[in-house]
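[1] only geometry, no sequence info:
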């Protein structure tokens with residue numbers, strides 16, 4: 001499996017993934033992973049120091065699960081940033097909303113990127129809130145040339161938004 005740490009501007013052109021940036025109420029987000037206390041503190045301190053959310057988090061709609069999930073979004077990448085903004089008194093967060101059914105989205109085990117995780121399992125973890133452990137999986141975008149780019153801190157799915165905390169409160 002070939003992947004690299006962050007997307008560059010050429011990778012954007014090599015991806016067919018579409019998304020839209022929305023300001024979403026934090027209470028409408030559903031995690032599929034837990035958070036690590038030490039990392040939450042680290043991210044909270046960083047966001048407080050910067051005074052803004054630098055990158056949009058990656059989410060997808062849960063409407064396909066059923067009517068009770070209308071208006072809810074599953075967090076794919078950004079659990080710690082979401083937690084940090086909650087700690088900082090924010091009610092909203094900037095999100096990059098994409099279609100999780102897109103075939104260019106691939107999910108693998110967090111520690112062993114050669115072990116695929118089914119999208120159904122990711123959704124089941126979110127809606128059941130069972131077995132919510134930190135760093136369960138890692139999401140990737142498959143580029144047209146077959147390379148995989150992780151979601152985290154990449155300009156394809158998590159573009160810079162630099163939104164002040166005052167706009168998110």
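    In hand now; what should we look at? All figures in this text were calculated on a predicted structure; none of them were measured in a lab.

[2] Please name the nearest non-neighbouring residue to residue 64.
    Nearest residue to residue 64, sequence neighbours excluded (Cβ to Cβ, 6 or more residues apart in numbering): residue 101, at 7.8 Å. Heads up, the C-betas are built off the backbone N, CA and C, glycines and all.

[3] now residue 85
    Of all residues not flanking residue 85 in the chain, residue 93 sits nearest, at 5.3 Å (Cβ to Cβ, 6+ apart).

[4] circling back to that earlier point, please report how far the residue nearest to residue 64 lies from residue 93.
    If you measure residue 101 against residue 93 using Cβ to Cβ, to the nearest Å, the figure is 23 Å.

[5] now for the longest helix seen in the chain, which elements pack on it?
    Taking residue count as the measure and DSSP state H as the definition, the longest helix of the chain comes out as helix 37-50. Taking 3 or more Cβ pairs under 8 Å, 6 or more residues apart in numbering; DSSP states H and E as contact, the helices and strands that helix 37-50 lies on are helix 79-87.

[6] and the helix it packs on, how far from the chain's centre?
    The chain centroid and the centroid of helix 79-87 are separated by 12 Å under Cα atoms, centre = their mean, to the nearest Å.

[7] if we can go back for a sec, the residue nearest to residue 85 and residue 130, how far apart?
    For residue 93, the distance to residue 130 equals 24 Å [Cβ to Cβ].

[8] Looking at these two now, which is surrounded by more residues?
    Set residue 93 next to residue 130 and count neighbours by other Cβ atoms under 10 Å: residue 93 wins out with 27 against 8.

[9] List phi and psi for the more buried one.
    Note on residue 93: its backbone torsions stand at phi -150, psi 150 [degrees, to the nearest 10].

[10] Quick check, it in contact with residue 27.
    No: Residue 93 is not in contact with residue 27 according to Cβ atoms under 8 Å; the separation is 10.3 Å.

[11] which stretches of the chain form strands?
    Assigned by DSSP state E, the chain shows strands spanning 19-25, 29-30, 52-55, 57-61, 73-77, 92-98, 105-109, 137-142, 148-150, 160-164.

[12] show me the contacts for the most centrally placed residue in the chain.
    Centroid-nearest residue in the chain, with Cα atoms, centre = their mean: residue 77, separated by 2.2 Å. Neighbouring residues of residue 77 by Cβ atoms under 8 Å, 6 or more residues apart in numbering: 57, 58, 139, 151, 152, 157, 158.
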